[in-house]
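*Asks:* coords please:
(one chain, ligands or ions: 1)
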Amino acid sequence: MAFWPRKSKQTETRVCDPDAKPFAAFENVTLEIADRSVLSDLTLRLNEDRIGVIGLNGSGKSTFVRLLNGLRTPSSGDLSLFGAPATIAEPELPRHVGFVFQNPDHQAIFPTVEEEIAFGLTQLGYEKDKSRREARLFLATHGCEALAERPISELSEGQKQLICILAVLVMEPRLLVLDEPMTSLDALATSRIRSMLMSLPQKIVLVSHDLSHFEGFDRILWLEEGRLRMDGAPHEVLAAYRADLDSRLGSKLELVAL
Ligand SMILES: Nc1ncnc2c1ncn2[C@@H]1O[C@H](COP(=O)(O)OP(=O)(O)OP(=O)(O)O)[C@@H](O)[C@H]1O
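*Replies:* Residues are numbered from 1 along each chain as shown. Here you go, the predicted structure:
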């Protein structure tokens, strides 16, 4: 599903400050699912324009980024989003946080591209006709006008993912959270989407296993078994992560050799 439950089209921003610095503040945040600790004791403040999240499978990356748009809530600790406690900010988060999933088929819900884009505008309160017109203009701005009437199901994976990103961008969120959005794309589609992401004015939090996607990023968070193993400048964190992967691979190879 692409969108969060909205309380009302007319929901006015009351508690969130879109310009809050940091946009997210975690204080001893822990999250349990089915009595298992998935995130443990996270304390950090997020304010950079480009933040990457890395870690092995199951380390808690997807769960972590879902805290940023209210899809998950902490079991304990304090989480503040856009200057307000997460539980209070939650109804306003769809206005401020756009979320892009790994699989566009889990996100796109309308038959055609134009309808998918227009839906976001109706959520902002546009009348149906105006939202369709504005959707067309928005697609043209991003060089995608030719796709407007195409059924989403008939698009390539790269085109689908691009439309999913545009469908959240049309709502002009302050923060774009992307959970492995380029996993199924070829090198060309990946490169196009990456350059488009880097040119956006939005703050971005990106989860990826492909470390090359973090070129030009400001900060990397490395999660391991639900804890923050390292947090810092990309060149330092990525080098440490690569070294850790190498040592793990090395020890596995030694075991195989035995
Ligand atoms: N709905 C759920 N029910 C039970 N356990 C869950 C659920 N969602 C996540 N988990 C558990 O939480 C842990 C972290 O999962 P998460 O998807 O956040 O990891 P990840 O780092 O994004 O993994 P990947 O790289 O494989 O996508 C895993 O052990 C997972 O099994």
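*Asks:* And the lowest-mean-pLDDT helix or strand in the chain, what does it pack against?
*Replies:* Sorting the helices and strands of the chain by mean pLDDT, DSSP states H and E puts helix 234-257 at the bottom, at a mean of 82. Helices and strands touching helix 234-257, by 3 or more CB pairs under 8 Å, 6 or more residues apart in numbering; DSSP states H and E, are strand 50-54, strand 219-224, strand 227-232. C-beta coordinates here come from the backbone N, C-alpha and C atoms, glycine included.
*Asks:* For the residue lying closest to Leu56 once chain neighbours are set aside, give me the pLDDT.
*Replies:* By the measure of CB to CB, 6 or more residues apart in numbering, the closest residue to Leu56 outside its immediate chain neighbours is Glu224, 7.1 Å from it. With respect to pLDDT, Glu224 has a value of 97.
*Asks:* ditto for Arg227
*Replies:* Arg227 is assigned a pLDDT of 97 by the prediction.
*Asks:* Next, the contact list for it, please.
*Replies:* Shown in contact with Arg227 (CB atoms under 8 Å, 6 or more residues apart in numbering): 39-42.
*Asks:* If any of the residues you listed are buried, put those into a PyMOL selection.
*Replies:* Those of the contacts of Arg227 that count as buried under 16 or more other CB atoms under 10 Å are selected in PyMOL with:
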select buried, resi 39+40+42
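*Asks:* Out of the contacts of Arg227, list just those in strands.
*Replies:* Residues of those located in strands (DSSP state E): 39-42.
*Asks:* Tell me which two in the residues you listed are the farthest apart.
*Replies:* Spanning the widest gap among the ones in strands among the contacts of Arg227 are Leu39 and Asp41, at 8.2 Å by CB to CB.
*Asks:* Tell me how far Gly60 lies from the ligand.
*Replies:* Applying CB to the nearest ligand atom, to the nearest Å, the value for Gly60 to the ligand is 4 Å.
*Asks:* whoops, Leu185 was the one
*Replies:* 17 Å.
*Asks:* list the contacts for that residue?
*Replies:* By CB under 8 Å, 6+ apart, the contact list for Leu185 reads 157-158, 161, 193.
*Asks:* Make a markdown table from those and add pLDDT and distance to the ligand to it.
*Replies:* Shown next, in a markdown table, are the contacts of Leu185 (pLDDT from 0 to 100; distance: CB to the nearest ligand atom, whole Å):
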| residue | pLDDT | distance to the ligand |
| --- | --- | --- |
| Glu157 | 86 | 18 |
| Gly158 | 86 | 21 |
| Gln161 | 88 | 17 |
| Ile193 | 87 | 19 |
